[in-house]
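J.: fold the following for me, if possible:
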Amino acid sequence: MNYRKLIGDVGFSSARTILSLSRGILLIPIITKIFGADLYGLWSGVQAIIIISASIGGLHLHGALIRYLPQGSKDDGIFSTVLTLSFLTAILTSLILICLGILGVLPDIGQSSSWIVTGSIAGVVFVKIVSLVILNYPRAIGQVKTYEIIQSFHLLIELFALAMAFTLTGDIVIALLSVIFTTVLVDLIVVIYYRPPIKPDLDYRSIKKYLEYSLPMLPKEMGSRIISSADRYLLLLLLSPASAGIYAVAYSLPTLLEKFTGVLTPTLYPSVTEAWENGNIKSLTNFYTEVLRWYTIAAFPMLAGISILAEPALRMLSTPAVASKGWILVPLLGIGFMGRGYDNVLIYILTAAEENVRIAKITTLAAFLNTILNIVLIPTIGLFGAAASTIFAQILIASYVSYWAHNYVPFQFPIMSAIRSFTVTAVMLLVLFGLSNTISWKSQLVVFPVIGFLIYVAGLSLVGEISKQDIQKFYSVVA
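T.: Predicted coordinates for the structure are as follows:
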């Protein structure tokens with residue numbers, strides 16, 4: 001594997017991840033401080049519908065584009081065929097959503113007529129399904145950095161549009177229309193710049209091949225979205241918009257653990273597949289051994305840090321009422337997201353080995369159990385029920401994926417690194433807890449990360465987890 005290229009791609013991916021986090025986090029104070037947790041809960045419920053619908057309707061066709069486009073010396077109609085399929089599935093998905101709106105299944109946000117709300121949601125889902133194929137074209141032809149720049153630009157203008165929509169109107173429909181506008185704008189820029197070959201005649205013989213690859217991934221895509229989004233929709237239905245809002249605000253902090261390895265996703269998909277097809281198992285083994293070790297070293301203090309700063313961070317982002325009820329959810333959800341961080345990178349071993357059916361089975365099972373647990377636990381223990389259901393599903397998937405990925409690539413599990421990291425993190429937490437009563441909550445947000453980082457790095461050095469060889473190895477790759 002080309003580590004220098006991978007590191008370079010990750011740099012661009014990190015910028016997009018920061019923007020993605022900013023998009024969610026910056027909207028929280030705009031909505032909750034001006035309009036309250038109820039509106040944020042309604043917005044979270046609408047977002048859950050869009051995310052789940054777009055993942056189902058998209059049929060993971062962008063995965064087929066990435067998987068097969070680089071194999072030939074020319075396009076051979078691959079993009080045209082996949083794009084046409086995405087248009088057809090987008091139309092069908094939008095029509096189904098409109099029917100569900102007529103039946104009263106979609107939430108009543110109480111700001112506009114149900115027809116306008118349903119049409120806006122269906123419109124967003126349509127453009128998102130088509131856009132997923134168009135925006136992945138640069139990634140499919142190997143231009144991962146360009147892909148990340150485009151995605152970052154998309155996130156930036158969408159964040160600006162949503163911030164303006166909520167600040168000026170507080171209207172969810174206006175916010176949805178702004179998403180449609182920005183998505184179409186970025187799609188047009190990509191099409192005009194790249195001019196991907198769009199042929200009127202489809203390659204019908206290849207449709208079966210693309211669907212045979214993408215459809216087994218659909219349950220995985222759908223299951224992942226259900227696990228990450230359905231809890232907010234069910235909280236909206238079974239409890240209240242305020243409960244959904246509190247949960248969604250708390251949910252935004254521990255996602256940092258998932259995003260930490262998520263920055264590798266755009267470049268791992270093609271890189272791991274290429275290494276697998278070339279038979280570079282030793283290279284993959286070394287790569288994953290290092291990645292898992294460094295993620296483990298980073299994950300423990302990150303989980304501890306967002307846990308001890310949960311209440312101050314939520315007070316800054318939202319309101320004291322939201323912070324007092326939501327802070328306890330942060331460390332609980334963080335446990336699940338820590339497991340998700342391992343799943344993020346290991347799953348590409350299974351996709352390279354074309355074990356899509358195995359991935360689909362465990363994700364479908366986890367999503368089904370997650371939904372059942374949410375329905376049972378939310379009415380009885382409220383927000384904690386949603387958190388418990390999420391933790392269970394994420395840990396189940398991470399354990400299963402880790403087991404089967406290790407069967408194909410014999411990487412080393414970082415057991416000793418985990419023990420050392422946990423020990424040093426415990427010391428760091430004791431110091432920070434001791435200081436918590438002497439420092440204001442606003443100062444904690446600035447001082448604690450610095451103190452915690454210094455204690456943790458010094459502790460790792462003392463226990464021998466970080467050596468000069470590690471520093472030299474890192475420098476040789478990035479220099």
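
J.: what about the helices in the stretch 101-250 of the chain?
T.: Per DSSP state H, counting those that start in this stretch, the stretch 101-250 of the chain carries helices over the ranges 114-135, 137-140, 144-168, 172-194, 204-214, 218-238, 241-251.

J.: I meant the stretch 301-450 of the chain, not that one.
T.: Remark: helices of the stretch 301-450 of the chain, listed N- to C-terminal, are 310-317, 320-326, 329-352, 356-381, 383-408, 415-436, 441-462; assignment by DSSP H, counting those that start in this stretch.

J.: which helices and strands does the shortest one pack with?
T.: Other helices and strands packing on helix 320-326, by 3 or more CB pairs under 8 Å, 6 or more residues apart in numbering; DSSP states H and E, are helix 241-251, helix 310-317. Backbone N, C-alpha and C define where each C-beta goes, glycine included.

J.: point out where the stretch 51-200 of the chain drops to low pLDDT.
T.: For the stretch 51-200 of the chain, the stretches flagged by pLDDT under 70 are 70-76, 107-112, 199-200.

J.: turn the helices of the stretch 101-250 of the chain into CSV, columns for distance to Ile49 and mean neighbour count.
T.: As requested, the helices of the stretch 101-250 of the chain are arranged in CSV below (distance: least, CB to CB, whole Å; neighbours: other CB atoms under 10 Å):
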stretch, distance to Ile49, mean neighbour count
helix 114-135, 6, 21
helix 137-140, 26, 24
helix 144-168, 17, 19
helix 172-194, 11, 17
helix 204-214, 22, 15
helix 218-238, 6, 23
helix 241-251, 12, 26
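
J.: for Val376, which of these is the nearest?
T.: Go through the helices of the stretch 101-250 of the chain one by one with CB to CB and the one that ends up closest to Val376 is helix 218-238, at 10.4 Å.

J.: now for Ile227: which residues touch it?
T.: Residues touching Ile227, when contacts are defined by CB atoms under 8 Å, 6 or more residues apart in numbering, comprise 363, 366-367, 370, 390, 393-394, 397.

J.: could you work out the most separated pair of these?
T.: Farthest pair in those, by CB to CB: Thr363 and Thr390, 13.9 Å.

J.: could I get the helices and strands packed on helix 320-326 in a markdown table, plus columns for mean pLDDT and distance to Leu430?
T.: Supplementary listing: the helices and strands packed on helix 320-326 in a markdown table, determined by pLDDT from 0 to 100; distance: least, CB to CB, whole Å:
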| stretch | mean pLDDT | distance to Leu430 |
| --- | --- | --- |
| helix 241-251 | 90 | 24 |
| helix 310-317 | 90 | 17 |
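
J.: now distance to Ser443 too, for those, in JSON lines please.
T.: Conversion of the helices and strands packed on helix 320-326 to JSON lines gives the following (distance: least, CB to CB, whole Å):
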{"stretch": "helix 241-251", "distance to Ser443": "22"}
{"stretch": "helix 310-317", "distance to Ser443": "9"}
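
J.: and of those, who's closest to Leu292?
T.: That would be, of the helices and strands packed on helix 320-326 and by CB to CB, helix 241-251, which comes in at 25.1 Å.

J.: and the helices of the stretch 101-250 of the chain: which comes nearest Tyr348?
T.: Checked against CB to CB, the stretch from these lying closest is helix 218-238, at 12.1 Å.

J.: quick one: mean pLDDT for the closest one?
T.: Per-residue pLDDT over helix 218-238 has a mean of 83.

J.: would you mind writing the CA trace of it as PDB?
T.: What follows is the C-alpha trace of helix 218-238 in PDB, where atoms were taken according to Å, rounded to 0.1, in the frame of the first residue of the first chain:
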ATOM      1  CA  LEU A 218     -28.000  -2.500   0.800                       C
ATOM      2  CA  PRO A 219     -28.900  -4.300   4.100                       C
ATOM      3  CA  LYS A 220     -25.600  -3.100   5.500                       C
ATOM      4  CA  GLU A 221     -26.200   0.500   4.300                       C
ATOM      5  CA  MET A 222     -29.800   0.400   5.500                       C
ATOM      6  CA  GLY A 223     -28.900  -1.200   8.800                       C
ATOM      7  CA  SER A 224     -26.200   1.200   9.600                       C
ATOM      8  CA  ARG A 225     -28.500   4.100   8.900                       C
ATOM      9  CA  ILE A 226     -31.300   2.600  11.000                       C
ATOM     10  CA  ILE A 227     -28.900   2.100  13.900                       C
ATOM     11  CA  SER A 228     -27.600   5.700  13.700                       C
ATOM     12  CA  SER A 229     -30.800   7.500  12.900                       C
ATOM     13  CA  ALA A 230     -34.000   5.500  13.800                       C
ATOM     14  CA  ASP A 231     -33.600   6.100  17.500                       C
ATOM     15  CA  ARG A 232     -34.300   9.900  17.100                       C
ATOM     16  CA  TYR A 233     -37.300   9.200  14.900                       C
ATOM     17  CA  LEU A 234     -38.700   6.700  17.500                       C
ATOM     18  CA  LEU A 235     -38.000   9.200  20.300                       C
ATOM     19  CA  LEU A 236     -40.000  11.700  18.300                       C
ATOM     20  CA  LEU A 237     -42.900   9.300  17.900                       C
ATOM     21  CA  LEU A 238     -42.900   7.500  21.300                       C
END
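
J.: for it, the distance to its chain's centre please.
T.: Distance of helix 218-238 from the chain centroid (CA atoms, centre = their mean, to the nearest Å) equals 13 Å.

J.: mind listing what Ala299 touches?
T.: With contacts taken as CB under 8 Å, 6+ apart, Ala299 has the following neighbours: 257, 260, 338, 341, 421.

J.: list the residues that contact the last one.
T.: It refers to Ser421. Contacts here follow CB under 8 Å, 6+ apart; on that basis Ser421 touches 296-297, 299-301, 460, 465.

J.: nearest to Ala310, of these?
T.: Taking CB to CB as the measure, Ala310 sits nearest to Pro301 out of the contacts of Ser421, at 14.6 Å.

J.: residues in contact with stretch 42-54?
T.: Residues outside stretch 42-54 that contact it (CB under 8 Å, 6+ apart) are 27, 31, 93, 97, 106-107, 109-110, 121, 124-125, 128-129, 132, 172, 175-176, 222, 225-226, 228-230, 232-233, 235-236, 241, 244-245, 247-248.

J.: sorry, back to before: in JSON lines: the contacts of Ser421, plus secondary structure, pLDDT and distance to Ala353.
T.: Formatted as JSON lines, the entries for these read as follows, by DSSP: H, G, I helix; E, B strand; the rest coil; pLDDT from 0 to 100; distance: CB to CB, whole Å:
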{"residue": "Thr296", "secondary structure": "helix", "pLDDT": "92", "distance to Ala353": "24"}
{"residue": "Ile297", "secondary structure": "helix", "pLDDT": "91", "distance to Ala353": "27"}
{"residue": "Ala299", "secondary structure": "helix", "pLDDT": "91", "distance to Ala353": "26"}
{"residue": "Phe300", "secondary structure": "helix", "pLDDT": "93", "distance to Ala353": "30"}
{"residue": "Pro301", "secondary structure": "helix", "pLDDT": "93", "distance to Ala353": "33"}
{"residue": "Leu460", "secondary structure": "helix", "pLDDT": "90", "distance to Ala353": "34"}
{"residue": "Glu465", "secondary structure": "coil", "pLDDT": "81", "distance to Ala353": "32"}
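
J.: pLDDT at Pro20, what is it?
T.: One correction, residue 20 is Ser, not Pro. Reported pLDDT at Ser20 in the predicted model: 69.
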